[in-house]
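Undergrad: Below are the sequence and a predicted model for it; my questions follow.
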Amino acid sequence: MGTKRKKMGKEATYLAITIPIVALFFLFNTLPLIQGVIYSFTNFKGYGDFDWVGLRNYMDLFTDGRVGKSYWFTFRLALVSTVVTNVISLLLAMGLNSKIKFKNTLRGMYFIPNVLGSLVVGYIFSYIFTYILPAFTKLLGGEGTSILSSTSWAWVAIMIVCAWQAIAMNTIIYISGLQTVPQEVYEAGSIDGVSGWGRFKYLTFPLILPFFSINMVLCMKNFLMVFDQIMAMTKGGPAQSTESISYLIYNNGMSGGQFGFQSANAVLFFVVIVVISVMQMSFTNKREEQL
Amino acid sequence: MNQNMQMNEELKKSVLEKVRKKAAREVNWPVTVLLILGLSTILFPLYMTIVIAFKQPSEMTNSISGILSLPKSWSLANFREAMEVTDFWNSLFNSLLITVLTVLLSIVLHSLLGYVVGRSKAKKKGYKLIYFYIVSGMFVPFAILMMPLVKQTAALQLDNMLGVILLYTVFYMPMNVLLYSGYLTNIPIALEEAAFVDGATTWTTYWKVIFPIMKPMHATVAILTALGTWNDVMTPLVIMSGSKNTLPLAQLSFQTQFGANYNLAFASYLLALLPIILFYLICQKQILSGVVNGAVK
């Protein structure tokens, strides 16, 4: 025992690892979060002086037409996209999990949209909606206008692009769910005469419920935070009909002189996301316990 | 009575056998065909991108056939021009640098914290609290952090690539710590104790024993983090505010310079998509299993 230098104990090592990493997390996550909450009580423009305004920003949020519109757009988009995405990806997953030729190739191809950047995907689809689709509808006797320029239909274009990418991800998750269902379950079912819809409703779906809940949570969260697609396709237009909450906060908060007001909007958005996530999780937990 | 039951049993068995054989033998051709037809929804946008990228503006007549027909010649001129306009190599380098460093930092820091928290959170309240504190960061949308972070990174002189890398390391921490500490429950503690008895410190035990065992989780974390950072637009957009471009950000920054020249724009889009498509084709298996692991755990 030549050297007396004591080895660093387990507890000390753990602390030496934890403290700097948690400090980094605090610095770039918790601190800006706290600042955001503080700014939400001010009329800060993003520069210069500001005053405390108490809860006025929050009250204004509920009367501001543009904010209301963005919540309506974002929630409608998130709900419809979630339903469309999950229905299509469940069907796709069942197809890709059945006895088909070229199984691996097909699975691989159907996943491609998920690895592509959503901004560039948005640009490509924007061209399709502006030039290709109207040309088709014109051939069929339609007017040949782009749905991106329609205040009542532009959100559908965004929804399609969001779903196009999300389906790839959800399908892969559903496939891995379907693979956990043992073949014997179907065999037993087919002897008992369960087939078609009944087979799906009573055998498949209950067994892949955990995967269904993962997909619901993933979808809702991602769609509520939609940004890239808006940036690429509509920039919130026409007439602010496709302004998502994130886009509005970015646009008006960063360069519109509404730093304080949009901070309040962001705090509200944060609360909404937490409430929805907690609700979804407790709902699916209950369903899983029942089974 | 007994015989009856036996017969019943046998009948059941033979039916089962038949069902099994039938299922094993038959390829479901209608579904195969449907799935191949369905691929057009994925391949059409990609096909359109490729043909437009190779065409000259003069070939783009105002009909669908003009847009979607094959180009007269497969000239690379559009790509050359797009590379110049968007400063392609610089953007590619920035994207690569940010992604690679973020992935490396994430693997090192998140696995360390995941390990410490995973091993301690059952026994120690403090670590349990830290675990929930970090993981709950998953619910914080970037929208609320965005504006304060712009001020904060500017004040710290981190409104550059280093800042973006540090931010990503923080943003992916909740998910990755959750993944690592979850994976750790499968690793028996006896392994570390054996190394510890042999006189190794906690630190060397971690790097020599635990870190290598967590390799499958490193792959998952690397893939999820890489896909997210590579394609992200919002963070570099607000933090670097145009001083440096990443590959997706360059498409946004130079959108006005493409003007009505869609051939040039699509050549640039194709260039921006190419690295990740190549990466996917090479590592498809790892990417698919990584994504599933990450989501399901």
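TA: Thanks, I have it.

Undergrad: So which residue is smack in the middle of the chain?
TA: Picked chain A for this. Geometric centre of chain A, nearest residue: A:N222, 1.1 Å, by C-alpha atoms, centre = their mean.

Undergrad: hmm, I had chain B in mind actually
TA: Centre-nearest of chain B using C-alpha atoms, centre = their mean is B:L227, 2.5 Å out.

Undergrad: I'd say that one and A:S118 touch.
TA: No - using C-beta atoms under 8 Å, B:L227 is not in contact with A:S118; the gap is 11.3 Å. All C-beta spots, glycine's among them, are computed from the backbone N, C-alpha and C.

Undergrad: before we move on, which element is the residue nearest to the centre of chain A in?
TA: Using DSSP states H and E, A:N222 maps to helix A:209-224.

Undergrad: Remind me what that helix packs against, helices and strands.
TA: Judged by 3 or more C-beta pairs under 8 Å, 6 or more residues apart in numbering or on different chains; DSSP states H and E, the packing partners of helix A:209-224 are helix A:65-96, helix A:154-178, helix A:259-290, helix B:284-296.

Undergrad: average pLDDT across the last one?
TA: Rounded to a whole number, the mean pLDDT of helix B:284-296 is 85.

Undergrad: just the second one next, same as before
TA: Rounded to a whole number, the mean pLDDT of helix A:154-178 is 94.

Undergrad: Show the average pLDDT along the helix or strand following that helix.
TA: Counting by DSSP H and E, the element after helix A:154-178 in chain order, helix or strand, is helix A:183-191. Mean per-residue pLDDT for helix A:183-191: 80.

Undergrad: and after helix A:183-191, which helix or strand comes next?
TA: Criterion used, DSSP H and E; the element after helix A:183-191 is helix A:196-198.

Undergrad: so how far is that next one from its chain's centroid?
TA: Put simply, helix A:196-198 sits 30 Å off its chain's centre (C-alpha atoms, centre = their mean, to the nearest Å).

Undergrad: wait, does it contact chain B?
TA: No - Helix A:196-198 lies apart from chain B when judged by C-beta under 8 Å from any C-beta of the partner chain; the minimum separation is 14.5 Å.

Undergrad: quick check, whichever helix or strand comes after that helix touching chain B?
TA: Downstream of helix A:196-198, the first helix or strand assigned by DSSP H and E is helix A:205-207. No - figure legend: helix A:205-207 not in contact with chain B (C-beta under 8 Å from any C-beta); closest approach 14.2 Å.

Undergrad: Kindly report the same for stretch A:74-93.
TA: Yes - Stretch A:74-93 is in contact with chain B by C-beta under 8 Å from any C-beta, via A:L92.

Undergrad: Enumerate the positions of that stretch that are buried.
TA: Using 16 or more other C-beta atoms under 10 Å in any protein chain shown as the test for burial, stretch A:74-93 gives A:74-75, A:77-78, A:80-82, A:84-86, A:88-90, A:92-93.

Undergrad: of all the residues you listed, which comes closest to chain B?
TA: Of all the buried residues of stretch A:74-93, chain B sits closest to A:L92, with 7.4 Å by C-beta to the nearest C-beta.

Undergrad: Tell me how many other residues crowd the residue nearest to that closest one when sequence neighbours are not counted.
TA: With sequence-adjacent residues excluded and distances taken as C-beta to C-beta, 6 or more residues apart in numbering or on different chains, A:L92 is closest to A:T171, at 4.7 Å. Look at A:T171: counted by other C-beta atoms under 10 Å in any protein chain shown, it has 27 neighbours.

Undergrad: Just the CA atoms of the following helix or strand past the helix holding A:N222, as PDB, please.
TA: Once the chain leaves helix A:209-224, the next helix or strand it forms, by DSSP H and E, is helix A:228-233. Extracted in PDB, the C-alpha atoms of helix A:228-233 (Å, rounded to 0.1, in the frame of the first residue of the first chain):
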ATOM      1  CA  ASP A 228     -42.000  23.000 -40.200                       C
ATOM      2  CA  GLN A 229     -44.900  22.200 -42.500                       C
ATOM      3  CA  ILE A 230     -46.500  25.500 -41.900                       C
ATOM      4  CA  MET A 231     -43.200  27.300 -42.500                       C
ATOM      5  CA  ALA A 232     -42.800  25.500 -45.800                       C
ATOM      6  CA  MET A 233     -46.300  25.400 -47.200                       C
END
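
Undergrad: helices and strands around helix A:228-233, which ones?
TA: Going by 3+ C-beta pairs under 8 Å, 6+ apart, helix A:228-233 lies up against helix A:118-127, helix A:154-178, helix A:245-248.
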